[in-house]
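>>> coords below, sequence missing:
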Ligand SMILES: [Zn+2]
Ligand SMILES: [Zn+2]
């Protein structure tokens, strides 16, 4: 971002901060009024989840809801790298001159067989891209986000006299694959619908009690980089290892050696994670294969650490091959396959939103949380170098009684992506709609 623009953003956010935030008194009543309908919509969505790339009915539902709330809606926004259609939804409400605020919900579910005993548990089965039969479950709570957005859309439509500017509501597909935000941006999202001044999102949290929210200033979620490492050797008979270069042994050494990247080679003050999640090689016990392929996930909060870790991975693979005496033409292949940028919560905007959340929910219900090493592609809506200030905050989703029991017993609660994750609908949704509506009203007042 150029210096002038940066100054403008700082001045605007400072002005917002300086303005005493007077809550709209109507929001609690508007939220309460909607709850029965939102809860039944949530249960319907939960029972009918769709995988990433296949959000056909979910996106149509969201589009219909936004349209009936008075938004101008465009469907099928987004194009994936392979040229295929994405089911992005964009709802726009123009309300005079002023700033443009973008709010995002994601829409996709996960290939998980639901094991909760909820009366509205998903029984959906489908085939994944590899043709295997899988369960489908909203195990990340994107159904909470969808329902919350509909509630906020209605509040903002009713409260039009309390704000001015442009509100852009985004239904993003394929968050779980970290492909949807990019697909929408590549489809000229900002050129077609306007570039926002600020972007907000929320994500439900599986360890925070419903009724509470959490927020992190600065780096909030890690970048995620997928790396494929292929240890290439010289295959042969399992009984004659001396005439081969064994990639199984090299892969085993590599897996062990990369564990020291985080423990010995990165600065202890700069968090990183290196996980070897897949390893494939060989067809039969008496054959030494030609190669072994591994899939790694690298997480980091800052770009320098990420770059260093990627160099360390390359050097470790090369070093293992060198020790084994692999010929130069069979050097390991290291391929960076996919990258998702970190989420950086703009400190000024975070302070502003935190103030609003405290006003809305009470100071005891707003927690300052540490960054986490999971990733999200919402950060892409902020464009490179955080040109657009963004904030993503956490929405507590668990029955407070269960949180208290977990603290007492020490038994962890089901995490996001767990087949047992079961948000508490009413309090989670009412808190989400209240928090996001108040934030939107405040930023556009
Ligand atoms: Zn997820
Ligand atoms: Zn999620």
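Yep, that arrived. Treat the numbers as computed from the prediction; the structure is a model and nothing was measured. Numbers count the residues shown, from 1 in each chain. Ligands and ions are numbered 1, 2, ... in the order given.

>>> OK, contacts around residue 144?
Listed by CB atoms under 8 Å, 6 or more residues apart in numbering, the contact set of residue 144 reads 42, 138, 204, 395, 397, 423, 425, 428, 429, 432. No exception for glycine: its C-beta is placed from N, CA and C like everyone else's.

>>> so which of those residues are in helices?
By the criterion of DSSP state H, membership of the contacts of residue 144 in helices covers 42, 425, 428, 429, 432.

>>> out of the residues you listed, which is nearest to residue 390?
Of all the ones in helices among the contacts of residue 144, residue 432 has the smallest distance to residue 390: 17.8 Å, by CB to CB.

>>> per-residue confidence at the closest one?
On pLDDT, residue 432 comes in at 98.

>>> let the chain start at 44 from now.
Understood, numbering begins at 44; the last thing we discussed is residue 475.

>>> shouldn't it be in contact with residue 438?
Yes - Residue 475 lies in contact with residue 438 (CB atoms under 8 Å); the separation is 4.9 Å.

>>> circling back to that earlier point, with neighbour count and distance to residue 345 added, can I get the ones in helices among the contacts of residue 187 in a markdown table?
Formatted as a markdown table, the ones in helices among the contacts of residue 187 follow (neighbours: other CB atoms under 10 Å; distance: CB to CB, whole Å):
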| residue | neighbour count | distance to residue 345 |
| --- | --- | --- |
| 85 | 25 | 37 |
| 468 | 22 | 37 |
| 471 | 27 | 32 |
| 472 | 28 | 35 |
| 475 | 27 | 30 |
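
>>> check what pLDDT the closest residue to residue 240 other than its chain neighbours gets.
In space, and not counting its chain neighbours, residue 240 is closest to residue 142: 4.4 Å by CB to CB, 6 or more residues apart in numbering. With respect to pLDDT, residue 142 scores 97.

>>> cool, the one 10 residues further on as well?
Residue 152 is assigned 98 on the pLDDT scale.

>>> need the three-state assignment for the nearest residue to it once chain neighbours are set aside.
Of all residues not flanking residue 152 in the chain, residue 92 sits nearest, at 3.3 Å (CB to CB, 6+ apart). Secondary structure, DSSP: H, G, I helix; E, B strand; the rest coil: residue 92 is coil.

>>> contacts only, for residue 92.
101, 152, 153, 165, 167, 179, 180, 181, 186.

>>> okay, and which of the residues you listed map to helices?
Those of the contacts of residue 92 lying in helices (DSSP H): 101, 186.

>>> which one of the contacts of residue 92 is nearest residue 138?
Closest to residue 138, out of all of the contacts of residue 92 and judged by CB to CB, is residue 101, at 26.9 Å.

>>> on that earlier part again, correct me if wrong: the residue nearest to residue 240 contacts residue 242.
No - if you go by CB under 8 Å, residue 142 and residue 242 don't touch, sitting 11.4 Å apart.

>>> give me the more crowded residue out of those two.
Between residue 142 and residue 242, counting by other CB atoms under 10 Å, residue 242 is the more crowded of the two (25 against 17).

>>> now do the more buried one against residue 134, distance only.
Distance, residue 242 to residue 134, using CB to CB, to the nearest Å: 15 Å.

>>> repeat for residue 402
According to CB to CB, residue 402 stands 26 Å off from residue 134.

>>> tell me which of the contacts of residue 92 is nearest to residue 66?
Closest approach between those and residue 66, by CB to CB: residue 186, at 27.4 Å.

>>> who are the contact partners of the closest one?
For residue 186, the contact set (CB under 8 Å, 6+ apart) comprises 85, 88, 89, 92, 152.

>>> in space, what's closest to it - neighbours in sequence excluded?
In space, and not counting its chain neighbours, residue 186 is closest to residue 88: 4.0 Å by CB to CB, 6+ apart.

>>> quick one: what helix or strand has the one you found in it?
Element membership of residue 88 [criterion: DSSP states H and E] is helix 70-90.

>>> give me the number of residues near residue 467?
Residues lying near residue 467 (other CB under 10 Å) number 19.

>>> that should have said residue 100, apologies.
13.

>>> wait, doesn't it sit right on residue 94?
No - judged on CB under 8 Å, residue 100 makes no contact with residue 94 at a distance of 11.8 Å.

>>> now the phi/psi pair for the closest residue to residue 153 other than its chain neighbours, please.
The spatially closest residue to residue 153, leaving aside those adjacent along the chain, is residue 182, at 4.7 Å (CB to CB, 6+ apart). Main-chain dihedrals, residue 182, degrees, to the nearest 10: phi -80, psi 0.

>>> let me see the contact set for residue 179.
Taking CB under 8 Å, 6+ apart, we find residue 179 in contact with 92, 93, 94, 152, 153, 154, 155, 165, 167, 168, 169.

>>> repeat the analysis, applying 10 Å as the threshold.
Contacts for residue 179 (CB atoms under 10 Å, 6 or more residues apart in numbering) come out as 91-94, 97, 151-157, 165-169, 171.
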